[in-house]
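Student: Sequence isn't available, so here's the structure alone:
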């Protein structure tokens, strides 16, 4: 069995981990989502969201490494999931360039959340769409706890004893059967 280092022990190698994650991320092609019936793109905006929590505010390096480690799981979930667990839609004000002039415009912003257990690890993947634009990968994070009341309610109302088998393919197949 290969011994994995803890995130704290890997902090010294952060730059190499980030470069490797970016190289992996750039190999991801657009994915045909069965759940949404559309293509999901992996853009630079998605990778930047793994590194920054807001403009010019970098996430904690431990959090970044954890998110980088989940990139393959995120791709796997988006490729194989036939349902999404969360949906949110809101109107946002966005600055757009119209004929060389920057103006504010209200656009619809839609977000979908995919939650799955992969390799005994609960993962949440978020994709987003602004207006009629393409659907883009936004983020991946461990789904250990819930911040929103509706998430706590869903977790509290969930049934079942967790994984029945340790084989990820079997678990995902069973989880996506309608």
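Tutor: Looks like it arrived, so ask away. What you see is a predicted model; the values in this text were computed from it and never measured.
Student: Can you point out the buried residues in the biggest helix by length in the chain?
Tutor: When the chain is parsed with DSSP state H, its longest helix is helix 14-27. Buried residues in helix 14-27, counting neighbours by 16 or more other Cβ atoms under 10 Å, are found at 17, 18, 21, 25. Where C-beta positions appear, they are placed from N, C-alpha and C, glycine not excepted.
Student: Tell me the one of the residues you listed nearest residue 9?
Tutor: Of all the buried residues of helix 14-27, residue 9 sits closest to residue 17, with 11.7 Å by Cβ to Cβ.
Student: Could you spell out the sheet neighbours of the helix or strand that comes right after the longest helix of the chain, each with its direction?
Tutor: Helices and strands here follow DSSP states H and E; after helix 14-27, the next one along the chain is strand 31-32. Paired strands of strand 31-32, with direction, are strand 39-41 (antiparallel) (DSSP bridges).
Student: Show residues contacting the partner strand.
Tutor: Applying Cβ atoms under 8 Å, 6 or more residues apart in numbering, the set of residues contacting strand 39-41 from outside is 30, 31, 32, 33, 78, 127, 134, 135, 136, 137.
Student: who's in contact with residue 75?
Tutor: 28, 31 are the contacts of residue 75 under Cβ under 8 Å, 6+ apart.
Student: can we see that at 10 Å?
Tutor: 24, 25, 27, 28, 29, 31, 40, 42, 125, 137, 140 (Cβ atoms under 10 Å, 6 or more residues apart in numbering).
Student: The longest helix of the chain - contacts with which helices or strands?
Tutor: helix 7-10, helix 44-51, helix 61-69, helix 71-80 (3 or more Cβ pairs under 10 Å, 6 or more residues apart in numbering; DSSP states H and E).
Student: tell me the most buried of those?
Tutor: By mean neighbour count, with neighbours taken as mean count of other Cβ atoms under 10 Å, helix 71-80 ranks first of the helices and strands packed on helix 14-27 at a mean of 20.
Student: which neighbours does the very next helix or strand once past that helix have in its sheet, and in what orientation?
Tutor: Next along the chain after helix 71-80, taking DSSP H and E as the criterion, comes strand 86-98. Strand 86-98 pairs in its sheet with strand 101-118 (antiparallel), by DSSP bridges.
Student: May I see the buried residues of the strand it pairs with?
Tutor: 109, 111, 112, 113, 114, 115, 116, 117, 118.
Student: As CSV, those residues with pLDDT and distance to residue 61 would be great.
Tutor: As requested, these are arranged in CSV below (pLDDT from 0 to 100; distance: Cβ to Cβ, whole Å):
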residue, pLDDT, distance to residue 61
109, 94, 29
111, 95, 26
112, 96, 28
113, 94, 25
114, 94, 26
115, 92, 25
116, 91, 26
117, 87, 26
118, 85, 23
